[in-house]
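K.L.:
Provided below are the primary sequence and the corresponding predicted coordinates.
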Amino acid sequence: MIRFESVSKSYPDGTIAVGDLSLEVPDGQTTVFVGPSGCGKTTSLRMINRMIEPTGGRITVDDRDTASMDAATLRRSMGYVIQHAGLFPHRTIKANITTVPLLLGWDRRRAERRALELMEQVGLPEHLAGRYPAQLSGGQQQRVGVARALAADPPIMLMDEPFSAVDPIVREQLQDAFLMLQADLGKTIVFVTHDIDEAIKLGDQVAVLRVRGELAQLASPADLLAEPTDEFVADFVGKDRGYRTLGFRSASYPIATEPTVPVGATADLARVTAAGRWVLVIDDERRPLGWVDPDKVDQAVSIGSLHRGGTVASVTGTLREALDAALSSPTGRGVIVDESGALLGTVRAHEVVDAIAADAQRAP
Amino acid sequence: MDWFTAHVDEVWKLFVEHLYLSAVPLVIGLAIALPLGWLAKRYRIIGPPLIMGTGLLYTLPSLAVFILLPGILHTQILDPVNVIVAMTIYTIALLVRTVADGLRAVPEDVLLSATAMGYRPFSRLVKVELPLAVPVISAGLRVAAVSNVSIVSVAAIIGVQQLGSLFTDGFNRAFFAPIITGIVACVVLSLVLDLLIMGVTHVLTPWSRTRRPG
Ligand SMILES: Nc1ncnc2c1ncn2[C@@H]1O[C@H](COP(=O)(O)OP(=O)(O)OP(=O)(O)O)[C@@H](O)[C@H]1O
Ligand SMILES: [Mg+2]
């Protein structure tokens, strides 16, 4: 556990980057520091591995005061990832990843085996091992940055806006990879971002900071959305937080049986089954493929004639998924599947909303 | 051409001497400029005066230096050590700024991540900063090499034997063949040093030749 005890940082020019921060970062979880630009997120993060020395208070890791530890040794026990990865341009990908293990005196063969293992874990093809960073895309470089930070299997990871320099699609891929990796590894992570959506997606707990590193709120993403402590947090979290809260809630809603036809069904069968409405088409394993308007089917239902616009919600998923499935469906009937992806039935938007209301009433 | 074929051995000896007098100071000068350049980059207060001061050394007239050094070093006027020391001074004059520039060119986020990974300052310098400064330092070294070859020839006036001696010899006898031979030999020597530096740089910086595919 990392503990901030009344930590402050001021500069000779009078700037107070962090005023008085007290906070606990629990083991095995992701704690996100989020807040507007210049509020002291980076400063707070860098004080943990003493890249910046606090001017007041203290930071402990597992109850040991970091000020009493050798700075380089402390840093080797913490992975560190930054915005543009900061890879060494003069070293190959493999050599970048083996940096900390070699600093720690691992034998070279073991370090290289570890590097290849990590490349696979973060989703980098092995043939990139001998390339230089300049030969990789931004997203790939960022993955190398993560692999390099993980190389010596440090219990703690410090990440400063690691995904903010890549385009939105790549960012989402990196975030998903991050979540999968963290589910496996259970590191103690401090993650800095100015993007509240990223904070909510990745954090187990979110620390919202305002200027001078003042802790405005420390809460789980769901609580942050549901109960922002004040105007500042409410504004920062954003306007559609009511809707986004649904992303953390689940409740049961009625699932109606939906008539279906298989791919290749005749136009007649489709028309009879549909009874004047659109009909859902499924594959051999009852997985939903899309909707079809039977009046537009010539002879048989083909894949090409399907309307695939709607999203599909898992019955074990959140209310947000279910509502989105209903709202995005061309028929107004949201498709619900079980864990294997097989069709269970459909739900309408008002039924999901009713379930939300009923659930809210049950809560205090 | 006849003159050259008749004096090949002699020219070769002068060539080797010239190479020695220009290349050795290059190596010593680089070794001294590295820590000075690092100091200049590292400390904001002594940096500018250090770079300015060493840079000014280059404006010292070489003939004056060759004449004054024996008195300062208590050496004989014909001692090649004088030339070595003088050329080392000129090399330092050119390289301190280059080394500082090269170190400054290392991207901030690379330095940051090196420190964050637990490099101590000295190993960060040797393993990360210097390798990345090689292209810039090498460019400066090439300039210094050519400059050395050219300045060394002046030492012929005080009698130190090297290719410059061909110029004084030709001048005294109003005879062009040795002068032309000397010029060509100097150009060849510069080229040899230049290629040598480029070759070493090439081996040290495979990373700087990489381009993104596609
Ligand atoms: N060396 C310094 N001297 C003076 N002030 C500094 C120094 N470094 C940072 N600051 C100030 O400290 C404050 C906090 O900076 P910090 O980098 O921690 O912000 P941040 O929350 O990470 O912002 P961003 O989201 O823009 O990265 C800022 O107001 C900044 O100007
Ligand atoms: Mg920052």
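P.N.:
Here it is on my side, so go on. Ligands and ions are numbered 1, 2, ... in the order given.
K.L.:
quick one, what contacts A:Ala267?
P.N.:
Residues counted as contacts of A:Ala267 (Cβ atoms under 8 Å, 6 or more residues apart in numbering or on different chains) are A:294, A:297-301. (Glycine included, C-beta is placed from N, CA and C.)
K.L.:
ok, the residue lying closest to A:Tyr11 once chain neighbours are set aside - contacts?
P.N.:
In space, and not counting its chain neighbours, A:Tyr11 is closest to A:Ala17: 6.7 Å by Cβ to Cβ, 6 or more residues apart in numbering or on different chains. For A:Ala17, the contacting residues are A:9-11, A:40, A:43, A:212-213, by Cβ under 8 Å, 6+ apart.
K.L.:
What number of residues are in the vicinity of the closest residue to B:Gln76 other than its chain neighbours?
P.N.:
Distances taken as Cβ to Cβ, 6+ apart put B:Pro70 closest to B:Gln76, at 6.5 Å, once the chain neighbours are dropped. As a burial measure, B:Pro70 scores 16 neighbours (other Cβ atoms under 10 Å in any protein chain shown).
K.L.:
Could you check which helix or strand contains B:Pro70?
P.N.:
Per DSSP states H and E: B:Pro70 is located in helix B:62-73.
K.L.:
and the helix or strand following that helix, what's its mean pLDDT?
P.N.:
Following helix B:62-73 in sequence order, the next helix or strand is helix B:80-104 (DSSP H and E). Averaging pLDDT along helix B:80-104 gives 90.
K.L.:
repeat for stretch B:164-184
P.N.:
Average pLDDT, stretch B:164-184: 78.
K.L.:
which outside residues touch that stretch?
P.N.:
Residues contacting stretch B:164-184 (Cβ under 8 Å, 6+ apart): B:2-4, B:7, B:11, B:14, B:18, B:152-157, B:163, B:185.
K.L.:
Any idea how far the helix holding B:Pro70 is from the middle of the chain?
P.N.:
19 Å (Cα atoms, centre = their mean, to the nearest Å).
K.L.:
Looks to me like A:Val32 is in a helix.
P.N.:
No - assigned with DSSP: H, G, I helix; E, B strand; the rest coil, A:Val32 falls outside any helix and is strand.
K.L.:
from memory it sits against A:Ile196, does it?
P.N.:
No - between A:Val32 and A:Ile196 there is no contact under Cβ atoms under 8 Å: 9.3 Å.
K.L.:
neighbour count winner among those two?
P.N.:
A direct count of neighbours by other Cβ under 10 Å for A:Val32 and A:Ile196 places A:Val32 higher, at 26 against 22.
K.L.:
Pull the contacting residues for the more buried one.
P.N.:
Applying Cβ under 8 Å, 6+ apart, the residues near A:Val32 are A:190-193, A:198-199, A:202-203, A:205-207.
K.L.:
In helices, which of these appear?
P.N.:
A:198-199, A:202 (DSSP state H).
K.L.:
and those as TSV, adding pLDDT?
P.N.:
Formatted as TSV, the ones in helices among the contacts of A:Val32 follow (pLDDT from 0 to 100):
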residue	pLDDT
A:Glu198	91
A:Ala199	92
A:Leu202	93
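K.L.:
Of those - the most surrounded one?
P.N.:
The residue in the ones in helices among the contacts of A:Val32 with the most neighbours, by other Cβ under 10 Å, is A:Ala199 (26 neighbours).
K.L.:
and the gap between that residue and ligand 1?
P.N.:
12 Å (Cβ to the nearest ligand atom, to the nearest Å).
K.L.:
Point out where chain B drops to low pLDDT.
P.N.:
Within chain B, the segments meeting pLDDT under 70 span B:1, B:211-214.
K.L.:
how about the strands of it, start to end?
P.N.:
Assigned strands in chain B: none (criterion: DSSP state E).
K.L.:
Now it against ligand 1: closest residue?
P.N.:
B:Leu112 (12.1 Å; Cβ to the nearest ligand atom).
K.L.:
secondary structure class for the residue lying closest to that residue once chain neighbours are set aside?
P.N.:
Closest residue to B:Leu112 apart from its sequence neighbours, by Cβ to Cβ, 6+ apart: A:Gly86 at 5.9 Å. Here A:Gly86 is recorded as coil under three-state DSSP.
K.L.:
Hmm, A:Gly86 is touching B:Met117, no?
P.N.:
No - judged on Cβ under 8 Å, A:Gly86 makes no contact with B:Met117 at a distance of 9.3 Å.
K.L.:
Contacts for the helix holding B:Pro70 next, please.
P.N.:
B:75-77, B:79, B:81-83, B:85-86, B:89-90, B:151, B:154-155, B:157-158, B:160.
K.L.:
Chain neighbours aside, what residue packs nearest to A:Ala226?
P.N.:
A:Thr245 (5.3 Å).
K.L.:
Next, count neighbours for the one you found.
P.N.:
Neighbourhood size, A:Thr245 [other Cβ under 10 Å]: 22.
K.L.:
which phi and psi does the residue nearest to A:Tyr11 have?
P.N.:
phi -80, psi -40 (degrees, to the nearest 10).
K.L.:
Kindly provide the distance from it to A:Phe33.
P.N.:
13 Å (Cβ to Cβ, to the nearest Å).
K.L.:
Quick one: name the residues of chain B near chain A.
P.N.:
Neighbours of chain A within chain B, by Cβ under 8 Å from any Cβ of the partner chain: B:107, B:109-110, B:112-120, B:128, B:131-132, B:205-208, B:210-213.
K.L.:
and with 6 Å instead?
P.N.:
B:109-110, B:112-113, B:116-118, B:120, B:131-132, B:207, B:210, B:212 (Cβ under 6 Å from any Cβ of the partner chain).
K.L.:
Mind checking which of those are buried?
P.N.:
B:110, B:112-113, B:116-118, B:131-132, B:207 (16 or more other Cβ atoms under 10 Å in any protein chain shown).
K.L.:
Which of the residues you listed fall in helices?
P.N.:
Counting by DSSP H, these place B:110, B:112-113, B:116, B:131-132 in helices.
K.L.:
Can you list the buried residues in the lowest-mean-pLDDT helix or strand in chain A?
P.N.:
Using mean pLDDT, DSSP states H and E, helix A:241-245 stands out as the lowest-scoring helix or strand of chain A, at a mean of 79. For helix A:241-245, a neighbour-count test (16+ other Cβ under 10 Å) marks A:241, A:244-245 as buried.
K.L.:
Pick the one among these closest to chain B.
P.N.:
Distance to chain B, by Cβ to the nearest Cβ, is smallest for A:Arg244 among the buried residues of helix A:241-245, at 32.6 Å.
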